[in-house]
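**Q** next input, structure requested:
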Amino acid sequence: MVKVLLDTNVLINTNRGEFSYPKRILDLVRKTKITAVISHAVRRENELIISRLINDHKLQQDLQDYLLLAEKVKSTPVKVTLADDEDIKLLEAAVGGVVNFLITEDKHLLDLEKFQDIQILTPAEFWQWWQKQQDEVGETWNSWAKNILGK
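**A** Sure, this is the predicted structure:
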């Protein structure tokens, strides 16, 4: 299964609407189509920012579901220099969780493009990758047909 680490900015941007890329990715985690990982430090940041910036009750519940579903991992120390030292905890959690993708909207992280074997993508880039994978196995068509046919 695909493993991801979602930056806090992606979680906050789920408030852009049901069809925003961050919300679609959140829903993939909530439907257990992909596995999210989270370290103690990242979880603490997520909870603090969510409580301050998300006012919509349903979205708060969706984000709480995410936090419960995310696989708890131990961070692995990494040696890297970034413009914002706070971003290092994301790389440490991603390495510790052996994720495939770190999904972020943070320019400093995106500029890396890749860290060790971890692809660093925007939500839109990840969604495009995800859709391509689903198209290759016919899942997009199956999902569409189920919605149309009500089965």
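
**Q** so, low pLDDT: which residues of this structure?
**A** Filtered on pLDDT under 70, the chain yields the residue ranges 137-151.

**Q** now the helices: where do they sit in it?
**A** Applying DSSP state H to the chain gives helices spanning 8-12, 21-30, 40-53, 57-69, 88-96, 107-110, 123-137, 139-149.

**Q** residues in contact with Val98?
**A** Lys3 (C-beta atoms under 8 Å, 6 or more residues apart in numbering). (Each C-beta comes from the backbone N, C-alpha and C, glycine too.)

**Q** now it. Its backbone dihedrals?
**A** Backbone torsions for Val98, taken as degrees, to the nearest 10, come to phi 50, psi 60.

**Q** just how off-centre is stretch 95-104 within its chain?
**A** Mean-position distance between stretch 95-104 and its chain equals 9 Å (C-alpha atoms, centre = their mean, to the nearest Å).

**Q** may I see the buried residues of that stretch?
**A** Neighbour-count burial for stretch 95-104 flags Val95, Gly96, Gly97, Val99, Asn100, Phe101, Leu102, Ile103, Thr104 (criterion: 16 or more other C-beta atoms under 10 Å).

**Q** what about those, which are in strands?
**A** Phe101, Leu102, Ile103 (DSSP state E).

**Q** the residues you listed into JSON lines, with extra columns for distance to Glu45?
**A** Below are those laid out as JSON lines (distance: C-beta to C-beta, whole Å):
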{"residue": "Phe101", "distance to Glu45": "19"}
{"residue": "Leu102", "distance to Glu45": "14"}
{"residue": "Ile103", "distance to Glu45": "15"}
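
**Q** which one of the residues you listed is nearest Lys79?
**A** The shortest approach to Lys79 among these belongs to Leu102, at 16.8 Å (C-beta to C-beta).

**Q** okay, now the closest residue to Val42 other than its chain neighbours: neighbour count?
**A** Leaving aside its sequence neighbours, Val42 sits nearest to Ala93 (C-beta to C-beta, 6 or more residues apart in numbering; 5.0 Å). As a burial measure, Ala93 scores 25 neighbours (other C-beta atoms under 10 Å).
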